[in-house]
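[1] predicted model and sequence below, questions to follow.
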Amino acid sequence: MSTTTAGGIASVTVDVGGQEIVFETGKLAKQADGAVVVRSGETMILATAVGRPDARPDADFFPLTVDVEEKMYAAGKIPGGFFKREGRATERATLTARMIDRPIRPLWPKGFRNEVQVICTVLSADLVTPHDILCINGASAALQISPLPFMGPIGAVRVGHIDGELVLNPTLEQLEDSILDLIVVGTSEALTMVEAGGDQIPEDTILEALELAHAEIRKICIALEGLRSDVGKAKWVDVDLTAELDAAHGDAVRSAITEHGVKEAGTVVEELVESLSPAVSMTSTEEDMTKRAQIRASFAAILEKARLGAIEGPLREQFINDLRELTDAEQDSKELRSAKRDLLLTRILDEVELPFPVGAAPAEGEPAVKDSQTKQYIKRAFEAVYKDLVRKKIAVDKRRPDGRSEEEIREVSAEVGMPPRSRM
């Protein structure tokens, strides 16, 4: 592994299976939050990562988008005939985007709701080195050097099996003779995704391939950590700062919810953010602006956790039996299960009693009407409690949500001749 830095351009080289993978940043896509060019052989991809500093207010999930752009010009071809434009994404591009999404999606702070977009564009394809592994590593590198709170890095390696030998990152020609196509993704500590296709591969060979791949993944992760230490930007979310602010002001945030409600507590938290952030002036520096962004992101995470906690407690107390009964509905048909979920959620939205204001003060003699933000958090608390009950049901009762035990699942798989699952 070697690293070079000059004129704002930094690059790091990693040797994987005798082939060099070069990560370079500072030349292209400078307006992106993170941009890295990854090259192996004559195949080259550009990976960019862009995110919003503020959370999307209506999002109840992590809005991460991953795209892989394959263009014919990368292989030196221009579309001809009747259609002279690029078509829609190929099946391979879609599958590669999913292979990027799966291992990076869990590596974000809990409750992170900011929009993030990762795009991997194939600039050059030599038709020898596959670009999918480069895209996964490039996405990890772009996120690693960006200010986005990605808790990586990850690394990716392909393992083939040719003439009785394991081959790291085989070429496209070698893959045609390989009886194994194993893609392994992981962090320095553990593997996070495996996708494979093979022809009667012994278990010992697969385990050996996983160990071999993880050793190379560690090298890639160390290289990307070094690249971040050289040119990485300060993260928007500082975990240590969040813990510090939670210890000092967490009670004030929770008191604001108790006194003013879920929606109006945001105004109180905004006042805290302004009072603790460095003032903006003509002498402000980039460090001051980074500090403001980190404080705002930390309070957003604290407020998110406090809002859910304030609703989850009463919801559990008042509807725990109904929610447990709903877990049994996983054995019903999709339509019936969905109808039962909607019925219970509607009842909870109408009947749950919360120990704080839930909207504008009602007229005398009329019930309080919950505002849209309170309803949104009730829905999220409903999902969180329900998922927790399902997980406990699997862990304690050893039965899947549809009622089947592990032995029953294995028996059915054996009867229909299904192979073991090849993904993690």
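    That came through fine.
[2] so Asn39 sits in a strand?
    One thing to correct before we go on: residue 39 is Arg, not Asn. Yes - assessed by DSSP: H, G, I helix; E, B strand; the rest coil, Arg39 belongs to a strand.
[3] what residues are up against the residue lying closest to it once chain neighbours are set aside?
    Closest residue in space to Arg39, ignoring its immediate chain neighbours: Val22 at 4.6 Å, by Cβ to Cβ, 6 or more residues apart in numbering. From N, CA and C alone the C-beta is placed, and that goes for glycine too. Listed by Cβ atoms under 8 Å, 6 or more residues apart in numbering, the contact set of Val22 reads Ser11, Val12, Thr13, Val38, Arg39, Ser40.
[4] Val122 versus the fourth one, what's the distance?
    Just to be clear, that refers to Val38. 10 Å (Cβ to Cβ, to the nearest Å).
[5] same question, the last one
    Noted for Ser40: a distance of 12 Å to Val122, by Cβ to Cβ.
[6] returning to that earlier point: shouldn't the residue nearest to Arg39 be within a helix?
    No - with three-state DSSP as the criterion, Val22 is assigned strand and is not in a helix.
[7] now the residue nearest the centre of the chain, nearest residue through space, not along the chain?
    Note on the chain: the residue nearest the mean C-alpha position is Arg105, at 1.4 Å, using Cα atoms, centre = their mean. Nearest residue to Arg105, sequence neighbours excluded (Cβ to Cβ, 6+ apart): Leu64, at 5.9 Å.
[8] got the phi/psi numbers for that neighbour?
    phi -100, psi 130 (degrees, to the nearest 10).
[9] re earlier: any idea which of the contacts of Val22 is closest to Ile348?
    Val38 (48.1 Å; Cβ to Cβ).
[10] tell me which element the residue lying closest to the closest one once chain neighbours are set aside falls in.
    Spatial nearest neighbour of Val38, excluding adjacent residues (Cβ to Cβ, 6+ apart): Gly138 at 4.0 Å. Per DSSP states H and E, Gly138 falls inside helix 132-145.
[11] so how far is that helix off the chain centroid?
    13 Å (Cα atoms, centre = their mean, to the nearest Å).
[12] give me the helices and strands touching it, please.
    With contacts defined as 3 or more Cβ pairs under 8 Å, 6 or more residues apart in numbering; DSSP states H and E, helix 132-145 has these neighbours: strand 19-25, strand 34-40, strand 43-55, helix 91-104, strand 114-124, strand 155-162, strand 180-186, helix 203-231.
[13] if I look at Pro147, how far off is Ile302?
    Taken as Cβ to Cβ, the span from Pro147 to Ile302 is 19 Å.
[14] same question for Val369.
    For Val369, the distance to Ile302 - Cβ to Cβ - is 28 Å.
[15] so for these two, which sits in the more crowded spot?
    Ile302 (22 against 12; other Cβ atoms under 10 Å).
[16] rounded mean pLDDT for the helix or strand that one falls within, please.
    Assignment of secondary structure by DSSP H and E places Ile302 within helix 286-327. Predicted confidence along helix 286-327 averages 89 (mean pLDDT).
[17] Gly250: what secondary structure?
    Applying three-state DSSP: Gly250 is helix.
[18] run a quick neighbour tally on it.
    Neighbours of Gly250 (other Cβ under 10 Å): 16.
[19] the one 4 residues further on too?
    With neighbours defined by other Cβ under 10 Å, the count for Arg254 comes to 18.
[20] what's near enough to touch the nearest residue to it once chain neighbours are set aside?
    Nearest residue to Arg254, sequence neighbours excluded (Cβ to Cβ, 6+ apart): Ala306, at 5.0 Å. The contact partners of Ala306, by Cβ under 8 Å, 6+ apart, come to Gly250, Val253, Arg254, Ile257, Ala265.
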